[in-house]
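Colleague: coordinates only, sequence not included:
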């Protein structure tokens, strides 16, 4: 295998991993605040369609990305109102958000099916990008850099900043955080909005970079895989990054295997990422000590301030 | 002045019944917004005869009136579409009854769509391998195999949860994709009809392999399963110790644990019940309206059933009413597509909104809104100073 081929495969793995990284880092922050938002898939779909629509009508990809972020946040706000203010069940509301997002994105995207989209140019960092093999790490599209920056930023925020400590306190014990005078609902709402923005970005990445077009249900379960990645990463950003690359690798592996025409039906190969998710979840959850150490203790619990 | 949520002294029985109706009303308002915005965007308001933005909004209102008609009234105006409504409501309600058990006990089976697919596959096994087999036993055998298939598939996330503590939400959903891909492979590959001109379908089932119809209509007897299942579920939930355990473990897991109820046993039981009903729904599809095994058997009935379960108050009888309403949304979506040229996704938008509003309105069962005015300076303090 030549170095060029290796580079190509690595590049496709990174491209496949980026949307997963965006979505799972966003969900990680949401869950660290104690909110389980199962609507990632729906927020992603909305990000993808709005990102594509804005980029197509204005001819400006950057505006498309902004539109996708806002779309993701709008969906997240809906979820926030229902679960945080009206204290509805988070699991069911998340499912509702997914159903609603997939449907609404289909309705909006109807006009954009089969329309060629505008891609996003790669950014080369001079000198570094000329290095052999690792040079490709400096020739990526701007959104991938953003994803890595967000991962590092979130990690820094959660474990090195006061705001992160408050966020984690809210997620571990909302009554204690409330007693200390922090506004549990406000912190959670912001975390939910951040998760929405990241899911919107993940969607934009799919419809503007990964496959620059809009197709019905193009998220193809990636939102759910991102949710699994948060568990896989035991709510730690660096492990989520590793997980995203691993899953990017699996999905690229099955694509290459399909292209090479190995003697396995294509449906079995397509099922590989989903089966991997299950296997990985089982392996992680077997190690209960590891999971328990980092799971936000108040995850999924509603909070009504006692005034 | 602000508005806040205050816990009621006790659960409001009136709100428990009103909440789904309020949710439906809110969904209709939300639907109006979507149709009007859709019309304004789709219409070229700069054209001379369009009447500008105002004209577009007016047109939007007119469209919404038409939309309401094709969505809710038209499907009930012809016998064939009422038959279609019953055919669509049957699998949705069957699955929703099973899911009610899961959600009541606070376990989350959201993979019913996959269990339907597996039920369809195992239900098709006999008529595909023994195409000549007729007689009184073939149909019950198919349906039982379908139920067993659904149960077996549902037991995977349940056992993983019990044995390893794996999150059942994610595993049951991942298994939907796996089951759908496996079904796709079967229908295109080994189980494809050799005389089917390369269509990705199995051989069409015939004679005793199909569910009989009732009184010369196109309504199949599977609609009776709905009523049997609803009654059995109601009885189990209301009058047996198992039903009591399910409810206690759902609402107060710690109390249940102290009483010696096994959480693990309940997870497995509720998954098996919901899997069996989803499998039955899948088998009834291939032995009924579909009549063969195809690459897709269900247009999302397994997900719609989640909404039906909540809209029906997690009550088997409620699920029947909710199921017919949601089945109507499938027909209505098709109608809106034909009459107004809206996307077939309208159905899912409607369904998602409805679930959202039901969940939000449900908080008024336990909470009420209270308007809090600016705090007045307490008199005692003023005197003291």
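Modeller: It's in. In this text the structure is predicted, and so the values were computed from the model without any measurement.

Colleague: Name the residues of the helix ranked longest in chain A that are buried.
Modeller: Across chain A, the helix with the greatest residue count (assigned by DSSP state H) is helix A:3-32. Judged by neighbour count (16 or more other Cβ atoms under 10 Å in any protein chain shown), helix A:3-32 contains these buried residues: A:7, A:10-32. C-beta coordinates here come from the backbone N, C-alpha and C atoms, glycine included.

Colleague: next one: stretch B:212-221
Modeller: B:219-220.

Colleague: ok, the longest helix of chain A near chain B or not?
Modeller: No: if you take Cβ under 8 Å from any Cβ of the partner chain as the test, helix A:3-32 misses chain B, and the best it gets is 11.8 Å.

Colleague: packing partners for that helix?
Modeller: Counting contacts by 3 or more Cβ pairs under 8 Å, 6 or more residues apart in numbering or on different chains; DSSP states H and E, helix A:3-32 is packed against helix A:40-58, helix A:142-160, helix A:162-172, helix A:184-205, helix A:222-232, helix A:237-260.

Colleague: Tell me how far the strand or helix carrying residue B:347 lies from the chain's centre.
Modeller: According to DSSP states H and E, residue B:347 maps onto helix B:346-366. The chain centre lies 13 Å from the centre of helix B:346-366; the measure is Cα atoms, centre = their mean, to the nearest Å.

Colleague: Count residues in the vicinity of residue 287, would you?
Modeller: Unless you meant another one, I'm taking chain A. Residue neighbour count, defined by other Cβ atoms under 10 Å in any protein chain shown, stands at 13 for residue A:287.

Colleague: Not quite, go with chain B.
Modeller: Neighbourhood size, residue B:287 [other Cβ under 10 Å]: 26.

Colleague: Now do the contacts for the spatially closest residue to it that is not a sequence neighbour.
Modeller: Leaving aside its sequence neighbours, residue B:287 sits nearest to residue B:211 (Cβ to Cβ, 6 or more residues apart in numbering or on different chains; 5.1 Å). Contacts here follow Cβ atoms under 8 Å, 6 or more residues apart in numbering or on different chains; on that basis residue B:211 touches B:139, B:220-222, B:284, B:287-288.

Colleague: How about residue A:217?
Modeller: Residue A:217 touches A:45, A:102, A:106, counting by Cβ under 8 Å, 6+ apart.

Colleague: Highest neighbour count among these?
Modeller: residue A:45 (35 neighbours).

Colleague: just checking, that residue touches residue A:102?
Modeller: Yes: the criterion here is Cβ atoms under 8 Å, and residue A:45 meets it with residue A:102 at 5.2 Å.

Colleague: can you list residues touching both of the two?
Modeller: What both residue A:45 and residue A:102 touch, as defined by Cβ under 8 Å, 6+ apart, is the set A:217, A:219.

Colleague: and the stretch 201-350 of chain B, which residues reach chain A?
Modeller: Counting by Cβ under 8 Å from any Cβ, the stretch 201-350 of chain B sits next to chain A at B:303, B:306-307, B:310, B:342-350.

Colleague: re earlier: out of the helices and strands packed on helix A:3-32, nearest to residue B:109?
Modeller: helix A:222-232 (14.8 Å; Cβ to Cβ).

Colleague: Give me the contact list for that closest one.
Modeller: A:19-20, A:23-24, A:27-28, A:31, A:38-45, A:98, A:199, A:202, A:206, A:239-240, A:243-244, A:247, A:273-274, A:277, A:280-281, A:284-285, A:291, B:167, B:170, B:173-174.

Colleague: give the contact list for residue B:105.
Modeller: Residues near residue B:105 by Cβ under 8 Å, 6+ apart: B:246-247, B:249-250, B:266-267, B:270.

Colleague: one more time with 10 Å
Modeller: By Cβ atoms under 10 Å, 6 or more residues apart in numbering or on different chains, the contact list for residue B:105 reads B:243, B:245-251, B:253, B:256, B:261, B:263, B:266-267, B:269-271, B:314.

Colleague: From those residues, which land in helices?
Modeller: Under the assignment DSSP H, the contacts of residue B:105 contribute B:243, B:245-251, B:253, B:256, B:263, B:266-267, B:269-271 to helices.

Colleague: Between those residues, which sits nearest residue A:86?
Modeller: Nearest to residue A:86 among the ones in helices among the contacts of residue B:105, with distances taken as Cβ to Cβ, is residue B:251, at 19.2 Å.

Colleague: And the residue of the stretch 201-307 of chain A closest to chain B?
Modeller: Per Cβ to the nearest Cβ, residue A:267 is where the stretch 201-307 of chain A lies closest to chain B, at 3.9 Å.

Colleague: so how many other residues sit close to that residue?
Modeller: By the measure other Cβ under 10 Å, the count of residues near residue A:267 is 18.

Colleague: now residue A:258
Modeller: 15.

Colleague: What's the per-residue pLDDT of it here?
Modeller: The confidence metric pLDDT takes the value 78 at residue A:258.

Colleague: Next: residue A:103.
Modeller: pLDDT, read off for residue A:103, is 90.

Colleague: so where does it fall, helix or strand?
Modeller: helix A:90-109.

Colleague: Which neighbouring elements make contact with that helix?
Modeller: helix A:40-58, helix A:61-80, helix A:184-205, helix A:222-232, helix B:13-42, helix B:168-188, helix B:301-311, helix B:346-366 (3 or more Cβ pairs under 10 Å, 6 or more residues apart in numbering or on different chains; DSSP states H and E).

Colleague: Residue B:256 against residue B:264, yeah?
Modeller: No: Residue B:256 is not in contact with residue B:264 according to Cβ atoms under 10 Å; the separation is 11.6 Å.

Colleague: The two: which is more packed in?
Modeller: residue B:256 (21 against 12).

Colleague: mind listing what the more buried one touches?
Modeller: By Cβ under 10 Å, 6+ apart, residue B:256 lies in contact with B:105, B:244-250, B:262-263, B:266.

Colleague: switch to 8 Å and redo it
Modeller: Neighbours of residue B:256 in contact, by Cβ under 8 Å, 6+ apart: B:245, B:248-249, B:263.

Colleague: hmm, which two among those are most spread apart?
Modeller: Across the contacts of residue B:256 (Cβ to Cβ), the longest gap, 10.5 Å, separates B:248 and B:263.

Colleague: so the closest residue to residue B:370 other than its chain neighbours is in which element?
Modeller: Leaving aside its chain neighbours, residue B:370 sits nearest to residue B:6 (4.5 Å; criterion: Cβ to Cβ, 6+ apart). Assigned by DSSP H and E, residue B:6 belongs to strand B:2-7.

Colleague: Just the mean pLDDT for that strand, thanks.
Modeller: pLDDT averaged over strand B:2-7 gives 75.

Colleague: who's in contact with it?
Modeller: Under Cβ under 8 Å, 6+ apart, the answer for strand B:2-7 is A:85-87, A:304, A:307, B:363, B:366-372.

Colleague: my read: residue A:210 touches residue A:17, true?
Modeller: No: Residue A:210 lies out of contact with residue A:17 (Cβ under 8 Å); the separation is 10.5 Å.

Colleague: where are the low-confidence patches of chain B?
Modeller: For chain B, the stretches with pLDDT under 70 are B:1-2, B:43-51, B:374-385.

Colleague: center of it, which residue is that?
Modeller: With distances taken as Cα atoms, centre = their mean, chain B has residue B:305 as the residue nearest its mean C-alpha position (1.3 Å).

Colleague: ok, back up a step: among the contacts of residue B:256, who's most crowded?
Modeller: Going by other Cβ under 10 Å, residue B:249 tops these with 25 neighbours.

Colleague: Just list the residues touching it, thanks.
Modeller: Residue B:249 neighbours (Cβ under 8 Å, 6+ apart): B:105-106, B:256, B:261, B:263, B:266.

Colleague: Out of these, which is nearest to chain A?
Modeller: Nearest to chain A, judged by Cβ to the nearest Cβ, of the contacts of residue B:249 is residue B:106 at 9.1 Å.

Colleague: what's around residue B:204, how many residues?
Modeller: Residue B:204 has 15 nearby residues by other Cβ under 10 Å.

Colleague: on that earlier part again, pull the most distant pair out of the ones in helices among the contacts of residue B:105.
Modeller: B:251 and B:271 (18.9 Å).
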